[in-house]
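J.: from the sequence below, what's the structure:
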Amino acid sequence: MHITKRLVAFIIICFTITAAAAAQAGFAVIPDNPRPGDPVTVAVSVPAREAILFMNGRQLSRALCFSVYSEGSQPGFMAAVLAVPTTAGAGDALIRINDSRGILTEIPITIMPRDFHSETLHLNPALTSLVSDPDPVRTAESNRLWQILNTTGNQIYHTGVFVPPVTSTRRTSRFGSRRINQYSDGRRVTSIHAGVDYGIPTGTEVTACGRGKVILSRARVLTGNSVIIEHAPGIYSIYYHLDSVIAEEGAIVETGQLIGLSGSTGFSTGPHLHWEIRVSTENTDPDYYTNIPIIDKELIISRIFNR
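T.: A predicted model of the protein is given here:
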């Protein structure tokens with residue numbers, strides 16, 4: 001009985017400490033009302049481990065927290081960047097922030113409605129075979145890509161807005177489009193377009209949308225000549241179907257630096273650049289970060305420290 005009382009007392013003390021820490025902590029969620037496909041930055045003034053997005057009791061996405069260190073007169077904080085999946089519906093949702101002991105706080109948000117474009121791709125026999133026939137190399141490449149996207153480091157290379165990787169504004173496919181792949185053998189397979197496609201001639205210069213580390217720069221079965229750049233923990237930009245790659249794996253590239261030339265390699269129906277942004281594995285609208293910084297320090301600090 002004596003041990004049980006001490007255990008209960010210990011649990012009460014731990015709960016009290018956790019509740020006190022949560023009461024003293026400052027939190028920020030940006031934007032206030034995200035749409036499917038939007039990234040969401042969660043910031044907290046005390047140590048935290050992860051942020052998880054729930055809707056109707058179901059987990060939609062998750063992101064690990066990382067440190068944004070103090071700089072000059074600006075205080076540091078913890079942050080996590082997750083994304084609202086493009087398959088999410090509109091309505092009330094909840095972001096849960098956990099620390100090492102459990103739930104630190106829960107923040108209600110509202111996911112706004114969003115409509116996505118629909119399109120049909122008619123594939124010739126060669127493209128049908130490329131995407132549907134069993135291929136161990138393609139499987140290994142897919143597993144490697146998933147491993148990259150699941151990696152959350154601790155290095156922040158870029159905090160500002162992204163610059164589009166080409167000067168052209170002509171797009172042949174939109175972000176989040178609901179696609180029907182019409183195979184040459186009559187089969188129909190649905191998918192969601194994870195990025196935006198720029199319809200540009202082969203050989204057009206493609207540049208890095210922001211400062212970062214080149215994680216991958218090589219040929220792949222489905223995506224052709226490909227480049228992947230890490231910009232912040234869990235945040236990657238992706239460039240597919242290049243005619244040639246120039247960026248070297250492991251190199252640090254600056255915003256606007258040449259990384260390759262556009263083309264039509266891999267699973268492609270014509271010359272274009274596929275540009276994609278991934279946030280904690282989720283495909284995210286590339287246009288979002290061309291207007292909003294990855295980490296808006298001033299806005300975050302004003303919210304979590306009530307400045």
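
J.: my guess is residue 178 contacts residue 190, does it?
T.: Yes: with contact defined as C-beta atoms under 8 Å, residue 178 and residue 190 form a contacting pair (6.9 Å). C-betas here are computed from N, CA, C, even on glycine.

J.: who has more neighbours, the two?
T.: residue 178 (14 against 9; other C-beta atoms under 10 Å).

J.: give the bridge partners for the residue nearest the centre of the chain, please.
T.: Nearest to the geometric centre of the chain sits residue 279, at 1.2 Å (C-alpha atoms, centre = their mean). Counting by DSSP bridges, residue 279 forms beta bridges with residue 235, residue 282.

J.: wait, it sits on residue 235?
T.: Yes: here residue 279 reaches residue 235: they are 5.6 Å apart, a contact under C-beta under 8 Å.

J.: what sits in contact with each of those two?
T.: 39, 81 (C-beta atoms under 8 Å, 6 or more residues apart in numbering).

J.: hey, which helix or strand in this structure has the poorest pLDDT?
T.: helix 2-24 (a mean of 45; mean pLDDT, DSSP states H and E).

J.: touching, residue 98 and residue 50? I think so.
T.: Yes: if you go by C-beta under 8 Å, residue 98 and residue 50 touch, sitting 5.1 Å apart.

J.: quick one: residue 90 and residue 114, what's the gap?
T.: According to C-beta to C-beta, to the nearest Å, residue 90 and residue 114 sit 8 Å apart.

J.: which parts of the stretch 201-307 of the chain are helices?
T.: With DSSP state H, counting those that start in this stretch as the criterion, the stretch 201-307 of the chain has helices at 297-304.

J.: where does it dip in pLDDT?
T.: 307 (pLDDT under 70).

J.: what segments of it are strands?
T.: All strands of the stretch 201-307 of the chain, identified by DSSP state E, counting those that start in this stretch, fall at 205-207, 212-220, 224-232, 235-245, 252-253, 258-262, 273-279, 282-284.

J.: tell me the helices and strands packed up against the fourth one.
T.: I take that to be strand 235-245. Contact here means 3 or more C-beta pairs under 8 Å, 6 or more residues apart in numbering; DSSP states H and E; on that basis strand 235-245 packs against strand 212-220, strand 224-232, strand 258-262, strand 273-279.

J.: how about those in JSON lines, adding distance to residue 139?
T.: Shown next, in JSON lines, are the helices and strands packed on strand 235-245 (distance: least, C-beta to C-beta, whole Å):
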{"stretch": "strand 212-220", "distance to residue 139": "12"}
{"stretch": "strand 224-232", "distance to residue 139": "16"}
{"stretch": "strand 258-262", "distance to residue 139": "25"}
{"stretch": "strand 273-279", "distance to residue 139": "20"}
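
J.: so which of those strands gets nearest residue 150?
T.: Smallest distance to residue 150 across these (C-beta to C-beta): 10.1 Å, for strand 273-279.
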